[in-house]
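In: this is the structure alone, sequence omitted:
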Ligand SMILES: Nc1ncnc2c1ncn2[C@@H]1O[C@H](COP(=O)(O)OP(=O)(O)O)[C@@H](O)[C@H]1O
Ligand SMILES: CC(=O)OP(=O)(O)O
Ligand SMILES: [Mg+2]
């Protein structure tokens with residue numbers, strides 16, 4: 001059987017990230033980003049081989065962008081596209097694994113939208129547009145939450161009255177499961193351990209950030225909760241705050257729920273603390289020049305990350321290694337070293353040179369000799385989504 005091609009789509013509210021994955025090649029055949037969708041500046045960027053190109057799509061929406069993508073994908077796939085894998089952020093309690101998209105699963109995904117109002121409606125727009133454009137192709141939904149359905153009840157329940165859980169689904173779900181699953185498998189491979197017989201702490205640090213405790217290939221705890229706002233400091237998200245903050249702002253400043261949601265999701269985190277940027281690269285440069293806000297934002301980010309990892313260690317029988325991944329985890333020796341410096345009680349220590357070497361896609365171990373393993377593992381959510389799609393094509 002010739003190697004198959006899977007188109008992977010990750011739809012955000014105003015963007016589509018995509019990759020054409022061939023099962024026989026580690027590099028993507030084609031990849032790109034459509035952004036600012038719905039605005040006059042909507043644009044599609046893509047790369048194929050070493051070449052980059054872009055196309056303006058004035059007022060183009062998700063469907064317009066996918067329609068432009070179609071000939072590009074068909075051309076790059078040599079006319080042979082075997083399936084489409086969609087990232088879906090929230091699968092509620094219905095989905096413990098990826099599933100084929102049909103009328104029934106689509107209905108279930110729609111039903112979880114109130115749990116993820118910032119993410120699922122955009123994911124659904126992408127699915128609906130792709131179904132119209134590729135009606136005869138197998139399409140698969142891969143959920144961020146599915147990997148965390150193995151959390152024990154004491155890790156996923158909030159201490160609020162039980163009917164809120166039973167009748168309204170108020171519980172911790174966790175996100176970034178596709179990434180935590182992928183990097184923990186890779187970490188086991190890199191260490192010569194069986195994924196089904198090893199224990200890991202994982203820190204996914206991108207625009208969204210989360211930690212995860214993984215035991216024998218299963219998620220046992222994770223820092224995100226009902227929504228992707230709980231837990232760590234992120235690019236623009238606050239992570240944990242006192243739950244009374246909502247009431248306090250409403251009472252003292254007269255703010256609406258929408259205003260507070262926007263504050264905590266889009267104006268907080270690294271951006272809010274620094275007053276400068278949500279981008280860790282910019283913050284590191286500003287810190288080098290003595291910027292006070294950037295310096296504080298990095299300190300808070302690393303301290304809160306370390307505190308979360310120490311908390312996650314409660315879910316592990318032993319520690320086979322700590323994994324750093326995501327744009328920051330894969331590229332910032334500074335964040336890794338500041339974080340690990342807070343974790344001396346777990347016995348963790350870095351090798352300075354190895355830490356400096358593992359950037360821009362270089363994977364490897366960065367712990368000091370004689371200390372517990374610390375690994376940098378580039379994540380590849382697109383490849384994992386393609387693998388899950390292929391597995392369902394085979395089934
Ligand atoms: N060389 C670098 N040093 C520090 N941070 C970096 C570097 N390269 C990328 N990052 C950070 O990675 C983050 C984006 O991570 P990424 O995983 O690409 O995001 P997303 O969640 O959108 O996939 C940004 O904060 C960016 O500044
Ligand atoms: C769920 C989530 O936080 O995703 P992202 O990191 O892509 O924003
Ligand atoms: Mg990413």
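Out: Looks like it came in fine. Note that the structure is predicted; figures quoted are calculated from it, not measured. Residues are numbered from 1 along each chain as shown. Ligands and ions are numbered 1, 2, ... in the order given.
In: ok and the residue in the protein nearest ligand 2?
Out: residue 208 (2.4 Å; CB to the nearest ligand atom). Any C-beta I mention is one placed from the backbone N, CA and C, and that applies to glycine too.
In: got a list of what that residue touches?
Out: Shown in contact with residue 208 (CB atoms under 8 Å, 6 or more residues apart in numbering): 175, 176, 224, 228, 234, 235, 237.
In: so what's the first one closest to, chain neighbours aside?
Out: Ranked by CB to CB, 6 or more residues apart in numbering and with sequence neighbours excluded, the top spatial neighbour of residue 175 is residue 144, at 4.2 Å.
In: distance of the one you found from ligand 1?
Out: 11 Å (CB to the nearest ligand atom, to the nearest Å).
In: rewinding a little: from the contacts of residue 208, which single one is nearest residue 155?
Out: The closest of the contacts of residue 208 to residue 155 turns out to be residue 224 (CB to CB; 12.1 Å).
In: per-residue pLDDT, the residue nearest to residue 216 when sequence neighbours are not counted?
Out: Of all residues not flanking residue 216 in the chain, residue 196 sits nearest, at 5.2 Å (CB to CB, 6+ apart). At residue 196, the model reports a pLDDT of 98.
In: secondary structure class for residue 196?
Out: helix (DSSP: H, G, I helix; E, B strand; the rest coil).
In: and for residue 34?
Out: When classified by three-state DSSP, residue 34 comes out as strand.
In: before we move on, what about the one 10 residues further on?
Out: Secondary structure, three-state DSSP: residue 44 is strand.
In: same deal with residue 81?
Out: Residue 81 ends up coil, using three-state DSSP.
In: I'd say it and residue 137 touch.
Out: Yes. Under the contact definition of CB atoms under 8 Å, residue 81 touches residue 137, with a separation of 6.6 Å.
In: which one of the two has more residues nearby?
Out: Remark: of residue 81 and residue 137, residue 81 carries more neighbours, 18 against 13, as counted by other CB atoms under 10 Å.
In: ok, now how distant is the residue nearest to the more buried one when sequence neighbours are not counted from residue 101?
Out: Spatial nearest neighbour of residue 81, excluding adjacent residues (CB to CB, 6+ apart): residue 5 at 5.4 Å. Remark: distance between residue 5 and residue 101 (CB to CB, to the nearest Å) = 18 Å.
In: could you look up the SS state of residue 391?
Out: Relying on three-state DSSP, one would call residue 391 helix.
In: please read the previous query as pertaining to residue 71.
Out: Judged by three-state DSSP, the three-state class of residue 71 is helix.
In: what sits against it?
Out: Per CB under 8 Å, 6+ apart, neighbours of residue 71: none.
In: got it, and residue 145?
Out: Residues in contact with residue 145 (CB under 8 Å, 6+ apart) are 89, 90, 91, 92, 95, 173, 174, 175, 177.
In: what is the burial count for residue 277?
Out: A count of nearby residues for residue 277, using other CB under 10 Å, gives 19.
In: excluding sequence neighbours, find me the nearest residue to it.
Out: residue 283 (5.9 Å).
In: residue contacts, that neighbour?
Out: Counting by CB under 8 Å, 6+ apart, residue 283 makes contact with 270, 274, 276, 277, 291, 294, 297, 298.
In: now residue 173
Out: Going by CB under 8 Å, 6+ apart, residue 173 touches 90, 92, 115, 145, 148, 156, 224, 225, 226.
In: pLDDT wise, what is it at?
Out: On the pLDDT scale, residue 173 is placed at 98.
In: helix or strand for the residue nearest to residue 277, just tell me which one.
Out: Per DSSP states H and E, residue 283 falls inside helix 280-288.
In: what's the first helix or strand after that helix?
Out: For helix 280-288, the succeeding helix or strand toward the C-terminus, using DSSP H and E, is helix 292-312.
In: which of the residues in that next one are buried?
Out: By neighbour count on 16 or more other CB atoms under 10 Å, the buried set for helix 292-312 is 293-295, 297-298, 300-302, 304-309, 312.
In: try stretch 253-261
Out: 255, 260, 261.
In: quick check: mean pLDDT of that stretch?
Out: The average pLDDT for stretch 253-261 rounds to 97.
In: stretch 309-326 too?
Out: 98.
In: any buried residues in that stretch, and which?
Out: Applying 16+ other CB under 10 Å to stretch 309-326 flags 309, 312-313, 315-316, 319-326 as buried.
In: same check, this time on stretch 22-40
Out: Quick answer for stretch 22-40 (16+ other CB under 10 Å): 22, 23, 28, 29, 30, 31, 32, 33, 34, 35, 37.
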